[in-house]
Structure formats: C-alpha cells, structure tokens
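In: Return atomic coordinates for the entry below.
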Amino acid sequence: MQCAGKALEELLVSAESQECLTVGVYESAKLMNVDPDCVAFCVLATDEAYEGDIALQIHFTLIQAFCFDNGIDIVRVNDTQRLAEILGNTDESGEPKDVHCILITNPSEDTLDDPALEKLSLFCEECRSFNEWVPAITLPER
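Out: Numbering: from 1, shown residues only. Next up is the predicted model:
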C-alpha cells in the first residue's frame with residue numbers, strides 16, 4: 001500500500017505540473033457533468049474532522065457511483081492535510097483548498113501517459129479483484 005501512496009503522490013505532482021488536476025467537490029462534479037471522458041482518476045479525501053459530515057458523504061457516494069458507471073479508477077485518502085501539502089495549501093486567492101475530491105484529467109488532445117497512473121490503475125484493478133471497490137491509500141510522510 002505504501003507503494004500506491006508514493007505513486008499517488010507522484011501522479012498528483014505530475015498532473016499538477018501539466019495542469020491536469022481539478023480540485024474540489026463542486027469543481028469536480030461540474031467537470032464530470034460537462035466532460036466525463038476527460039477524467040482519468042479520482043481521489044476522495046477525508047479525515048476525522050469530516051467523517052460525520054453527511055453532506056460530504058452524500059457527495060462521495062454520488063461521485064463514486066459516477067466513477068463506477070464511467071470506468072474511472074477511484075481511491076480514498078484519509079489525510080487531507082498531507083494532500084493539501086502536496087498540492088500547496090492555498091489556491092490563488094489565498095483560501096485553503098478543498099481537497100476532498102481531486103480529479104486527474106487527460107490533456108486536451110490525448111490521454112495522460114504517466115507511469116504512476118498506470119501503477120495506480122493496476123493497484124485499483126487488483127483491489128477490485130478482492131471486492132475492494134474504493135481502496136484506501138496512505139500517503140508517504142514528508
């Protein structure tokens with residue numbers, strides 16, 4: 001699982017540098033509604049502070065269903081703070097980023113060709129063979 005965590009961190013850094021990330025529950029839902037074919041991978045993140053947030057759990061359920069219906073690999077991360085560190089703690093306006101949902105998208109003309117994405121896709125496929133449909137990944141420490 002640590003290998004998957006490292007691959008996820010590499011994928012996030014790579015996708016961000018290629019401007020292939022959509023960050024935030026609302027922004028992700030908008031993108032999935034407009035262009036679901038551009039989504040290559042989905043990360044849902046929460047932590048103890050949000051475990052009881054019913055609205056967030058409903059969003060997660062809907063996003064998961066959408067990903068399943070469209071063949072998009074999806075993982076869970078239980079460390080929003082670490083995700084925010086990887087992506088930078090704030091957006092352009094200085095506000096903390098909503099990292100509860102992150103979509104890795106394909107560049108406009110072709111598919112995202114990234115070894116880390118391939119590793120994660122294989123990891124998800126293996127987990128599904130054990131009926132673990134949304135595997136949890138632990139990100140490596142700094």
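In: CA atoms for contacts and neighbours, from now on please.
Out: OK.
In: Let's verify the residue nearest the centre of the chain: helix, strand, or coil?
Out: The structure's the chain has its C-alpha centroid closest to residue 43; by C-alpha atoms, centre = their mean the separation is 1.8 Å. With DSSP: H, G, I helix; E, B strand; the rest coil as the basis, residue 43 sits in strand.
In: Can you name the residues bridging to it?
Out: Taking DSSP bridges as the rule, residue 43 bridges to residue 75, residue 102.
In: Would you state the strands of the protein in chain order?
Out: 21-23, 39-45, 73-77, 101-105, 136-137 (DSSP state E).
In: Please identify the deepest-packed of these.
Out: For the strands of the chain, average neighbour numbers computed from mean count of other C-alpha atoms under 10 Å are highest in strand 101-105, which has a mean of 25.
In: Which other helices and strands does the lowest-mean-pLDDT helix or strand in the chain contact?
Out: Every helix and strand in the chain was compared by mean pLDDT, DSSP states H and E; the lowest is helix 80-87, with a mean of 89. Here helix 80-87 touches helix 2-17, going by 3 or more C-alpha pairs under 8 Å, 6 or more residues apart in numbering; DSSP states H and E.
In: any idea how far residue 139 lies from residue 75?
Out: Between residue 139 and residue 75 the computed distance is 12 Å (C-alpha to C-alpha, to the nearest Å).
In: One more: residue 48?
Out: The gap separating residue 48 from residue 75 is 17 Å, by C-alpha to C-alpha.
In: Let me know whether the residue nearest to the centre of the chain touches residue 75 as I believe.
Out: Yes. Using C-alpha atoms under 8 Å, residue 43 makes contact with residue 75 at a distance of 5.1 Å.
In: Find residues that contact each of those two.
Out: When C-alpha atoms under 8 Å, 6 or more residues apart in numbering defines a contact, no residue borders residue 43 and residue 75 alike.
In: Neighbours of residue 80, how many?
Out: By other C-alpha atoms under 10 Å, 21 other residues sit near residue 80.
In: What of residue 46?
Out: Residue 46 - counted by other C-alpha under 10 Å - has 21 other residues nearby.
In: so what's it up against?
Out: Counted by C-alpha under 8 Å, 6+ apart, residue 46 has contacts 76, 77, 78, 79, 80, 100.
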